[in-house]
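**Student:** Fold the following for me, if possible:
(one chain, ligands or ions: 1)
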Amino acid sequence: MKIIGGTASLTTAEDLSKLLNEPLIKTEVKRFPDGELYLRILHSVKHEHVIVVQTTHPDECIIELFFLLDALKRAGASTITSVIPYFGYGRQDKQFKEGEPISAQALATLISMNSDQIITIDPHKEKIIDFFTTPAYSISAVELISDYLKEKKIDVVLAPDKGALNRAREAALLLHCEVDYLEKTRIDGTTIRITPKSLDVKNKHVAIIDDIISTGGTMASAIQELKKQQASKVYVSCTHGLFAGNAIEKLRTAGCDEIISTDTIHSSFSTVKIASVIAKALKDFSR
Ligand code: R5P
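**Tutor:** Modelled structure (predicted):
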């Protein structure tokens with residue numbers, strides 16, 4: 001087995017290489033003067049099972065993944081497992097309006113073309129796994145996030161909407177605490193309304209858990225509601241911290257005590273490292 005990391009997921013590939021005690025393949029990646037991408041694999045992968053690790057966000061990382069997969073095929077890799085820590089475009093998993101693409105399916109189809117197996121972490125919806133045309137598996141970061149939250153002495157885990165309740169339930173089970181959810185209405189891409197609901201959070205430590213923080217609108221509204229109801233600490237946690245625009249400022253202004261994310265997308269909030277769950281999955285799903 002050999003491991004190769006795209007530029008979005010290099011440190012995760014390095015972590016995996018250490019955990020699995022398998023070599024990391026080096027690549028040369030640069031840009032042509034017009035911005036187009038050049039890449040080259042610098043070691044032999046002939047007849048090898050290669051694990052490619054690359055998050056598909058932002059868009060240029062998608063092209064890089066396609067080129068890596070093509071280069072690996074041409075270099076004679078026997079089997080390719082694509083590990084996609086964050087699968088971008090997962091939220092466009094259906095046509096909301098006529099004339100739209102199903103972006104998640106389009107992306108999954110293309111990745112499947114040169115992959116023998118796919119592993120992704122906390123896809124926005126489980127049905128995304130079925131968009132791949134090659135065996136695909138989803139794994140969860142909730143246990144790792146819950147482990148990190150243990151030292152925060154959490155009293156209540158909260159889902160910011162009903163759709164995120166299963167994730168919150170799983171975390172609450174691991175943290176041996178209560179669980180609840182909020183009623184969320186999305187007005188537009190950046191405006192969220194959280195319907196006030198009486199929660200027993202006064203003087204309590206609350207953790208909100210979601211799959212994605214993008215603009216921070218969902219979390220900021222939830223934090224405000226919890227602070228109004230006198231929660232003493234509010235921790236916001238997610239698997240995929242996109243933190244678009246002024247998301248961080250919004251979360252801090254709302255009164256958040258800590259922002260916790262995994263490193264499926266690297267940022268200064270990536271306190272939870274996900275390589276260990278990927279390593280386990282690679283063993284479990286080994287072909
Ligand atoms: C939505 O269904 C997702 O689970 C997240 O709640 C959403 O993507 C967060 O977006 P934002 O941070 O922009 O409110």
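**Student:** From here on, just use CA atoms for contacts and neighbour counts.
**Tutor:** OK.
**Student:** what bridges to residue 119?
**Tutor:** Beta bridges link residue 119 to residue 83, residue 137, judged by DSSP bridges.
**Student:** Let me see the residues that make contact with the lowest-mean-pLDDT helix or strand in the chain.
**Tutor:** Among the helical and strand segments of the chain, the one scoring lowest on mean pLDDT, DSSP states H and E is strand 192-195, with a mean of 77. The contact list for strand 192-195 (C-alpha atoms under 8 Å, 6 or more residues apart in numbering) reads 182-187, 217-218, 221-222, 225.
**Student:** so what strands line up beside it?
**Tutor:** Checking strand 192-195 against DSSP bridges gives partners strand 183-186 (antiparallel).
**Student:** and the least confident helix or strand of the chain, anywhere near the ligand?
**Tutor:** No: judged by C-alpha under 6 Å from any ligand atom, strand 192-195 makes no contact with the ligand; its nearest approach is 6.8 Å.
**Student:** Pull out the buried positions in that strand.
**Tutor:** 192, 194 (16 or more other C-alpha atoms under 10 Å).
**Student:** contacts for the helix or strand that that strand is followed by?
**Tutor:** Using DSSP states H and E, the helix or strand that follows strand 192-195 towards the C-terminus is strand 205-213. By C-alpha under 8 Å, 6+ apart, the surrounding residues in contact with strand 205-213 are 122-124, 149, 152-160, 164, 167-168, 219, 231-243.
**Student:** Which among the residues you listed count as buried?
**Tutor:** Going by neighbour count (16+ other C-alpha under 10 Å), these have 122-124, 149, 154-160, 164, 167-168, 219, 231, 233-243 buried.
**Student:** Please narrow the contacts of strand 205-213 to those residing in helices.
**Tutor:** 149, 167-168, 219 (DSSP state H).
**Student:** want to throw the contacts of strand 192-195 into JSON lines with neighbour count, pLDDT and distance to the ligand?
**Tutor:** Shown next, in JSON lines, are the contacts of strand 192-195 (neighbours: other C-alpha atoms under 10 Å; pLDDT from 0 to 100; distance: C-alpha to the nearest ligand atom, whole Å):
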{"residue": "182", "neighbour count": "22", "pLDDT": "90", "distance to the ligand": "11"}
{"residue": "183", "neighbour count": "15", "pLDDT": "85", "distance to the ligand": "12"}
{"residue": "184", "neighbour count": "19", "pLDDT": "80", "distance to the ligand": "9"}
{"residue": "185", "neighbour count": "13", "pLDDT": "81", "distance to the ligand": "10"}
{"residue": "186", "neighbour count": "12", "pLDDT": "79", "distance to the ligand": "8"}
{"residue": "187", "neighbour count": "9", "pLDDT": "80", "distance to the ligand": "10"}
{"residue": "217", "neighbour count": "22", "pLDDT": "93", "distance to the ligand": "4"}
{"residue": "218", "neighbour count": "23", "pLDDT": "93", "distance to the ligand": "4"}
{"residue": "221", "neighbour count": "23", "pLDDT": "92", "distance to the ligand": "9"}
{"residue": "222", "neighbour count": "31", "pLDDT": "93", "distance to the ligand": "10"}
{"residue": "225", "neighbour count": "20", "pLDDT": "91", "distance to the ligand": "15"}
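**Student:** Kind regards, and thank you for your time.
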